[in-house]
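**Q** here is the input, now give the coordinates:
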Amino acid sequence: MKIVKTWLAIVGLLAAFIMVAPAPAQAAPFCGITWGSMAKSAGTGSIAPITNVRAGRHDCFDRMVVDVNGGASGYNVEYVNAVHSPGKGDIVPLRGGAVIVVVVHDPAYNSYTGSSTYNPANRNELVNTAGYATFRQVAMAGSFEGSTTIGLGVRARLPFRVLTLAGPGTTTRFVIDVAHRW
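**A** Model (predicted):
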């Protein structure tokens, strides 16, 4: 009988310890980033033309910026299996372990004259991504019916965010930040 009481006491103590033991601490997110990797979209289209695509490196993320000369419009940004050229549907080859399609609802041409407003030297390498932690390639897929599609090859499927910034002047900037890690 004494052995049974001893075992019951031990089991009771273990149960009490398990119930009051603190939960393991979760690691803080990398650089405080809580963006996620789901599709992001906002706004509608306009005829304000795209004038430039550029990129930069930051401590916690790589940044791509699309400059639009005019008022704010809209965008759709998401991870996809492949980026397709608008109109034709051809696959745009991109380096990296994951691919993001960036659709800006603005043309890369003047809507009145049809003349190009953004003429990259190399449509397959809009930005030199050598030395970037996350970006592997930025390529122009095309501009069709008032929207411009850009392919962004990245190292892996990582969290990203999209910002719309006004200025300077009448310029609107679409900013796509992709984290270096989760």
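**Q** give the contact list for the residue nearest to His105 when sequence neighbours are not counted.
**A** Spatial nearest neighbour of His105, excluding adjacent residues (Cβ to Cβ, 6 or more residues apart in numbering): Gly45 at 3.6 Å. All C-beta spots, glycine's among them, are computed from the backbone N, C-alpha and C. Listed by Cβ atoms under 8 Å, 6 or more residues apart in numbering, the contact set of Gly45 reads Ser73, Gly74, His105, Asp106, Gly146, Ser147.
**Q** and these, which of them are in strands?
**A** Ser147 (DSSP state E).
**Q** out of the contacts of Gly45, which end up buried?
**A** Ser73, Gly74, His105, Asp106, Ser147 (16 or more other Cβ atoms under 10 Å).
**Q** for those residues, give me CSV that also has distance to Arg181.
**A** Below are those laid out as CSV (distance: Cβ to Cβ, whole Å):
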residue, distance to Arg181
Ser73, 31
Gly74, 29
His105, 31
Asp106, 31
Ser147, 31
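**Q** what about Ile3, is that helix, strand or coil?
**A** Classification of Ile3 using DSSP: H, G, I helix; E, B strand; the rest coil returns helix.
**Q** touching, Val127 and Phe135? I think so.
**A** Yes - here Val127 lies in contact with Phe135, judged by Cβ atoms under 8 Å, at a distance of 7.4 Å.
**Q** those two: who's more crowded?
**A** A count of neighbours by other Cβ atoms under 10 Å puts Phe135 above the other of Val127 and Phe135, at 27 against 20.
**Q** in contact with the more buried one, which residues?
**A** Ala55, Asp62, Met64, Gly96, Val127, Thr129, Leu152, Gly153, Val154, Arg155, Val178.
**Q** quick one: which of these is nearest Tyr112?
**A** Nearest to Tyr112 out of the contacts of Phe135 is Met64 (Cβ to Cβ; 27.7 Å).
**Q** ok, residues contacting stretch 159-177?
**A** So stretch 159-177 is in contact with 33-37, 40, 42-43, 48, 51, 58, 61-73, 75, 77, 100, 102, 104, 152, 178-179, 182, going by Cβ under 8 Å, 6+ apart.
**Q** residues near Val83, how many?
**A** 24.
**Q** which non-adjacent residue is nearest it?
**A** For Val83, the spatially nearest residue (Cβ to Cβ, 6+ apart) is Gly151, at 3.6 Å.
**Q** the helix or strand containing the one you found: how far from the chain's middle?
**A** Element membership for Gly151 (DSSP states H and E) is strand 147-154. Chain-centre distance of strand 147-154: 10 Å, with Cα atoms, centre = their mean, to the nearest Å.
**Q** relative orientation of the helix or strand just after that strand and strand 147-154 in degrees?
**A** For strand 147-154, the following helix or strand on the C-terminal side (DSSP H and E) is strand 160-166. Strand 160-166 runs at 140 degrees relative to strand 147-154, counting by axes from the mean of the first three to the mean of the last three Cα atoms, to 10 degrees.
**Q** much appreciated, bye for now.
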